[in-house]
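1. give me coordinates for this.
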Amino acid sequence: MLSAFRFRSHKSVMAAIFATCIAGTPIYASEMENLHLLIPGGAGGGWDNTARGIGEALQKSGLVQTVSYENQSGGGGGKAIAHLIETAAQNQDTLMVNSTPIVIRSLSKVFPQSFRDLTPVAATVGDYGAFVVKKDSPYTSFTQVVEDYRKDPASVKVAGGSARGSMDHLVAAMAFKAAGGDARQVRYVAYDAGGKAMAGLLSGEAQVLSTGFSEALALADAGEIRILAMTGEERNAAAPDVPTLKELGYNATFVNWRGLFGAPGLPEEKKQAFIATLEKMYSTPEWETVRSRNGWSELFRPGDEFNSFLEKQEQEVGELMRELGFLR
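-> Alright, predicted model coming up:
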């Protein structure tokens, strides 16, 4: 472990403390020399934002000296997973960001691997689902969308930045089911990226967009859309005017965890060192800046707790996918 994690010398620490006192900002002892973050999707997506936000907090707080990033798109995330497995021996300082789709896409056989083929290190944050409309939409509340769906499910097209049976689709199905509709009748319009789904919404190809809450916040800030509802247990401080589904009378909640995985066979002491560094990150002001900017909730589940969490979600998501006819 000492060969992989370089601790500052006494002289270096004293110099850093002196410089920090002059600057008037807090200091944290650097625990890790290098961290490489593998991102299984393109720039600007949820995985990319999560990896770069965590990397920003770790590096600016001084917990990690150098953070590097690698975007490796393809196969719904499967390309990056396969790469991490195939190059495990050379990637002991690498963590791959992932989220609920690793469970969904494994169940639906988009790729042959699952979280069991990696080393689950920790769930780090939770992001919620959100339903948005373009700024000039006649819909001003999610209740109005539900009313039209109950009358004629085909009249409400729901866009999402992923394939049928994926997370955006499942969250929409869950919401309309909770509202008394038939989840199987959701008219889901699949796009192969969030940006394309947004374009579909703005062009009128769909009336509603099912997306992540943090992505919706960025779109709302740009003035392009309005957020009608989100899937948290309670309203989020980043958008206090947006109601939850439960608040509207629909008993449905959903949190898309985002977490970090190491290569298969990662030594236990290395995994524990990663966990310890991530846990310290949560108490830094640099992390609070990143977290609040994205509207994330903290969802720290390390090691074995993370693995148990994944097994439970696999069972729950599998049941919903079977109900919708995506699994036998």
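
2. quick one: the strands in the stretch 201-328 of the chain, in order.
-> For the stretch 201-328 of the chain, the strands defined by DSSP state E, counting those that start in this stretch occupy 208-212, 225-230, 255-262, 297-302.

3. out of the ones you listed, which is the most enclosed?
-> Most buried of the strands of the stretch 201-328 of the chain, by mean neighbour count (mean count of other CB atoms under 10 Å): strand 208-212, with a mean of 28. Where C-beta positions appear, they are placed from N, C-alpha and C, glycine not excepted.

4. for the record, mean pLDDT for it?
-> For strand 208-212, mean pLDDT is 91.

5. looking at it, A216 is touching I225, isn't it?
-> Yes. Contact criterion CB atoms under 8 Å: A216 and I225 qualify, at 7.1 Å.

6. okay, and the common contacts of the two?
-> Residues touching both A216 and I225 by CB atoms under 8 Å, 6 or more residues apart in numbering: V132.

7. what segments of the stretch 151-300 of the chain are helices?
-> Taking DSSP state H, counting those that start in this stretch as the test, the helices found in the stretch 151-300 of the chain are 167-178, 194-203, 213-221, 268-281, 285-294.

8. buried residues in the third one, which are they?
-> In other words, helix 213-221. 213-220 (16 or more other CB atoms under 10 Å).

9. nearest to V97 among those residues?
-> Within those, the smallest distance to V97 is 13.5 Å, found for S214 (CB to CB).

10. contacting residues for Q185?
-> Contacts of Q185 by CB under 8 Å, 6+ apart are 153-154, 176.

11. which of these tops the neighbour count?
-> F176 (23 neighbours; other CB atoms under 10 Å).

12. quick one on the thing from earlier: could the buried residues of helix 213-221 go into JSON lines alongside distance to P285?
-> Formatted as JSON lines, the buried residues of helix 213-221 follow (distance: CB to CB, whole Å):
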{"residue": "F213", "distance to P285": "23"}
{"residue": "S214", "distance to P285": "20"}
{"residue": "E215", "distance to P285": "25"}
{"residue": "A216", "distance to P285": "26"}
{"residue": "L217", "distance to P285": "21"}
{"residue": "A218", "distance to P285": "22"}
{"residue": "L219", "distance to P285": "27"}
{"residue": "A220", "distance to P285": "25"}
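
13. state which strand of this structure is the longest.
-> When the chain is parsed with DSSP state E, its longest strand is strand 119-134.

14. where's V133 relative to R187, distance?
-> 15 Å (CB to CB, to the nearest Å).

15. more neighbours: which of these two?
-> Neighbour count, other CB under 10 Å: between V133 and R187, V133 has more, with 22 against 16.

16. what residue ranges in this structure score low on pLDDT?
-> Along the chain, segments meeting pLDDT under 70 span 1-30.

17. report the central residue of it.
-> R258 (4.0 Å; CA atoms, centre = their mean).

18. list the contacts of that residue.
-> Applying CB under 8 Å, 6+ apart, the residues near R258 are 46-47, 50, 97-99, 123-127.

19. rerun that using 7 Å as the cut-off
-> Residues in contact with R258 (CB atoms under 7 Å, 6 or more residues apart in numbering) are 46, 50, 97, 99, 124-125, 127.

20. of those residues, which is the most crowded?
-> D127 (29 neighbours).

21. just to check, that residue is in contact with S214?
-> Yes. Counting by CB atoms under 7 Å, S214 is a contact partner of D127 at 5.1 Å.

22. anything in contact with each of these two?
-> With CB under 7 Å, 6+ apart, D127 and S214 have common neighbours 46, 296.
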